[in-house]
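Student: Quick one: sequence plus predicted model below, questions after.
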Amino acid sequence: MKIIWLVGMLLAAGHVAADENKLAGAVEADVNGKRVVFSALSLDYALEIRGDVANVTVTQTFSNPLSAPVNARYLFPLNRRAAVHAMSMRIGNEITTAVIQEKQQAEATFAKAQQAGKSASLLTQHRPNMFTQRIANLMPGLPITVTIEYSQLVPKVDGDYELVVPMVVGPRFQPPGVGVPPLSNEATEQADNGRWQLEALPAYPPTAGVHIPRTVVQERVSLSAELEGQLPLSGVHSPTHPLALKHVSSTQVDLQLAAGRVFDNQDFVLRYAFETTTTDAGVLTHWQADEAGYFSLLIEPPGNVPAADVLKREMVFLLDCSGSMSGIPMQASKRFMTEALKGLRPDDTFRIIRFSDSATEFSRTPLPATPANIARGVQYAANLYGSGGTMMTEGIQQALQGTVAGDRVRNVVFLTDGYIGNEVSVLSLVEQLRGRARLFAFGVGSGVNRYLLDELGRVGRGFTRYFDPTQDDETVQAVAAELVARLQTPVLTDLEIDWGDLPVVDVTPRELPDLYRGQTVRVTGRYTGPAQGEYRVRGKGAQAHAELRRRVSFTEQTERPVLRQIWARETVADLNQLFISPRERRPDNMSEQQLQSRITDLGLTFGLVTRWTSFVAVSRRVYNDDPGSATDQDIPVPQVKGVSQLAYSAPVVGHAAPEPGIWLSLLAGLSVIGWLSWRRRLRN
């Protein structure tokens, strides 16, 4: 029976009949003989950017043009640094402001409203960049609009400010046993706040373009932005979407998507700069009456640090060759590898490791970067292809284990889309094995797992960069060459800030990362009262120590209220990172229960969505007199641009299921077994 079910679902994934309902927005699909009807969803993003602070409003409009009520569920991304601080729900003329509650309490509130026939919405975080919106009692012909507000600081990357608005959650491969609770009650109680809970994934929804018709989602996204700075703007553009720009003044630009509405199958990226060459450490402040002051500090590398010594390197190239990398991402990785190998220094050594279901290596020992060896490496990379699962820990173990010969420094260059669910295990392993090595994460794709990739760069004491493989070959080659050139030693290491007599407390992050060329470091914190003084940023260069001295004024002016939520969100991120550290390395030996309690308190105090706090909104009116008649429905997500169908297993990839390369191999094996059995019966 299991075999029949598997074959049936695979066939359904490959062939789906669809009939568009005459009612706008509804699509009926025949999946494995089962009639599935999908409601409509429109998404509108409004951005307000002031310098390097962004406020984003996301409007989700759920429509049910059918004849029966629906309980809808929508899986979607937000920026991993988003401080989600407000939500409201509108049904007709009724507007309800959501309240923040502990996750279990919010789920109980939502369930009670659903059973009572009231409409409700529940916002839940699964990862810092992965959320679920649930809608109860979505009635025919009565749309429900949910508005989410979040704020974030815009990072500066390679000289430009870069704001990313994620729009699609890619598939996630979950290794066997990951995210599954222990069997015994005693073990469950002991591990109630354990890693299995942090790595549990929601079920993945149906995918438009793979399991169901693309017409189910269509062009459902709009985006507009107001961008303003104190200095003249320059270079305002998006590498992902054509824009329509309106230059209001030298310091203000209004923009929107040139196409109006678009298919949400890739992340939106906006880049801009200001007409100044000054590199400095700037401070933003805000005073909250009867509470404290909040500040944000941006550190950029000084221009007078002596050039780094040329160190001998062992370059380790770690390539994700799983099914999700098949096709366009794999081709882009090969082009990157060609540039990277050709850019090796004569005294470098190199290794190439590929992983999917397991990890294998090009050579048993590091090879000298001779022209002959480089040519062999290029040919080896050219023959790689994407298939199978994403056993990332095996690749990382092979890349980081073992000693490095002589006085070489090990640089691990990791190319992946990050489509896994066991992020905590992977990051813990990097922290455990890294030693003196540096890990540089390169995200290959137009809708990658930025949470994992950014954390890999942080934990690996390197940096993270992204490139879109759907760009033309020339662009990808140029980006690859630029990224390879940045694989040098840090400009400054062992960064620390001396605040002098300034009344500064609760600074995050606790441990400052190394500073590379083109990179910046963001620090947030609180101050207990107004003050003026000097702070010093110190670090070690390759040949000398460096120091930046700057004066700052902490006032009682309420200039930027958003800094309050941003500080809390950055503190939550810092606490989340401690889950990957051994207890003895955490401040005050904090347990996982204490970390969870601290994060929960921050979420409730500052009104933020976290792993353990959720927004819930409940209507005052009863809209469904027969709540038992409502059917549960997942809102479809698009197939990520450039990602192969091999990334999407049947029927879902949200749980511990292998990637489709494994399913297809199994199906092929079953077919052969069936054919041989049939031949034997004929002979008998």
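Tutor: It's in.
Student: Ala273 falls within a strand, correct?
Tutor: Yes. The assignment for Ala273 is a strand, going by DSSP: H, G, I helix; E, B strand; the rest coil.
Student: Just list the residues touching it, thanks.
Tutor: Residues in contact with Ala273 (C-beta atoms under 8 Å, 6 or more residues apart in numbering) are Gly159, Asp160, Tyr161, Leu233, Ser234, Gly235. (Each C-beta comes from the backbone N, C-alpha and C, glycine too.)
Student: which ones among these are found in strands?
Tutor: Cross-referencing the contacts of Ala273 against strands under DSSP state E gives Asp160, Tyr161, Leu233, Ser234, Gly235.
Student: Gln60: which of those is nearest?
Tutor: Of all the ones in strands among the contacts of Ala273, Gln60 sits closest to Tyr161, with 26.7 Å by C-beta to C-beta.
Student: out of everything not next to it in sequence, what's closest to that closest one?
Tutor: Closest residue in space to Tyr161, ignoring its immediate chain neighbours: Val154 at 4.8 Å, by C-beta to C-beta, 6 or more residues apart in numbering.
Student: hang on, the earlier thing: ok, so of the ones in strands among the contacts of Ala273, who is nearest Arg465?
Tutor: Among those, Asp160 lies closest to Arg465 (C-beta to C-beta), at 12.6 Å.
Student: okay, now that closest one: neighbour count?
Tutor: 18 (other C-beta atoms under 10 Å).
Student: where does it land on pLDDT?
Tutor: On pLDDT, Asp160 comes in at 91.
Student: My guess is it contacts Gly235. True?
Tutor: Yes. Between Asp160 and Gly235 there is a contact at 6.5 Å, judged by C-beta atoms under 8 Å.
Student: Of the ones in strands among the contacts of Ala273, grab the buried ones for ChimeraX.
Tutor: To isolate the buried ones among these in ChimeraX, judged by 16 or more other C-beta atoms under 10 Å, type:
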select :160,161,233
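Student: Closest to Asn589 out of the ones in strands among the contacts of Ala273?
Tutor: Checking the ones in strands among the contacts of Ala273 against Asn589 with C-beta to C-beta, the nearest one is Tyr161 at 38.7 Å.
Student: beta partners of the closest one?
Tutor: Counting by DSSP bridges, Tyr161 is bridged to Lys156, Tyr272.
Student: Now for Asp160 and Gly235: what residues contact both?
Tutor: When contacts are counted by C-beta under 8 Å, 6+ apart, Asp160 and Gly235 have Arg271, Tyr272, Ala273 as shared neighbours.
Student: ok, the first one touching Ser234?
Tutor: When you say that, I think you mean Arg271. No. With contacts counted by C-beta under 8 Å, Arg271 stays clear of Ser234, the gap being 10.6 Å.
Student: Mind picking the lowest-pLDDT entry from the shared contacts of Asp160 and Gly235?
Tutor: Among these, Ala273 has the lowest pLDDT, at 92.
Student: How much space separates it from Tyr161?
Tutor: In this structure, Ala273 and Tyr161 are 7 Å apart, going by C-beta to C-beta, to the nearest Å.
Student: any idea how far the host helix or strand of Ala480 is from the chain center?
Tutor: Under the criterion of DSSP states H and E, Ala480 resides in helix 473-485. Taking C-alpha atoms, centre = their mean, to the nearest Å, the mean C-alpha location of helix 473-485 is offset from the chain mean by 23 Å.
Student: Mind listing what's buried along whichever helix or strand comes after that helix?
Tutor: Under the assignment DSSP H and E, the closest C-terminal helix or strand after helix 473-485 is strand 493-498. Of all the residues in strand 493-498, those buried under the rule 16+ other C-beta under 10 Å are Thr493, Leu495, Ile497.
Student: So what sits opposite the last one in the bridge?
Tutor: Per DSSP bridges, residues listed as beta-bridge partners of Ile497: Val537.
Student: Can you name the residues that contact it?
Tutor: Leu297, Val507, Leu512, Val523, Tyr535, Arg536, Val537, Arg538.
Student: circling back: which helices and strands sit right next to the helix holding Ala480?
Tutor: The contact analysis (3 or more C-beta pairs under 8 Å, 6 or more residues apart in numbering; DSSP states H and E) places helix 473-485 against helix 328-342, strand 464-467.
Student: CA-only coordinates of whichever helix or strand comes after the first one, as PDB, when you get a sec.
Tutor: Just to be clear, that refers to helix 328-342. Scanning forward in sequence from helix 328-342 by DSSP H and E, the next helix or strand is strand 349-355. Provided in PDB are the C-alpha atoms of strand 349-355 (Å, rounded to 0.1, in the frame of the first residue of the first chain):
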ATOM      1  CA  THR A 349      47.000  24.700  -1.600                       C
ATOM      2  CA  PHE A 350      43.500  23.700  -2.300                       C
ATOM      3  CA  ARG A 351      40.800  21.100  -1.700                       C
ATOM      4  CA  ILE A 352      37.400  20.500  -3.400                       C
ATOM      5  CA  ILE A 353      34.600  18.800  -1.400                       C
ATOM      6  CA  ARG A 354      31.200  18.100  -2.800                       C
ATOM      7  CA  PHE A 355      28.200  16.800  -0.700                       C
END
